[in-house]
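Colleague: Structure for this input, please:
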Amino acid sequence: MKNIVIFLAIMLLCCSCSTPESADGKGDSEAARWLRIAAEDGVVYAQYYYAECALEGDGTRADAVEAVNHLRSAAASGCAQAMFLLGKCYRNGTGVEASAAEAEKWFARAAEKGNPDAKAALKALREAGKK
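Modeller: Numbers count the residues shown, from 1 in each chain. Got it, this is the predicted structure:
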């Protein structure tokens, strides 16, 4: 089932990336709906991509708290992109209370996995802390 859901989510996402939420304004676009299903089924990259959608309100209502919950799950499974985005959430106080220590932790984990954006963010955060 997971492979079918992943395939459908990716296919729909590619076909309707910027589609607004459902016509009634109350729910997910078709792409976001399938991403949510896959995310809730534990598919790591669906968790990450759905979190991005929820942060931006792209195809679903914006919900930073829900996004952070999906990012935590994906980050715990080793997704470097989720670790980086979770670090940004902590740095900016998006969906969580701002915490430089938590931001640094997640940036460092993503940087260890080779994420170049996390390396730059970690460096900037550490330099800002020295001032």
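Colleague: what's the burial count for the spatially closest residue to Asp117 that is not a sequence neighbour?
Modeller: Nearest in space to Asp117, with sequence neighbours left out and distances taken as CB to CB, 6 or more residues apart in numbering, is Phe84 at 5.6 Å. From N, CA and C alone the C-beta is placed, and that goes for glycine too. Phe84: 27 surrounding residues under other CB atoms under 10 Å.
Colleague: residues touching Phe84, list them.
Modeller: Counting by CB atoms under 8 Å, 6 or more residues apart in numbering, Phe84 touches 106-107, 110, 115, 117-118, 121.
Colleague: If we use 6 Å, what do you get?
Modeller: Residues in contact with Phe84 (CB atoms under 6 Å, 6 or more residues apart in numbering) are 110, 115, 117-118.
Colleague: likewise Gln47?
Modeller: With contact taken as CB under 6 Å, 6+ apart, Gln47 is in contact with 39, 70, 73-74.
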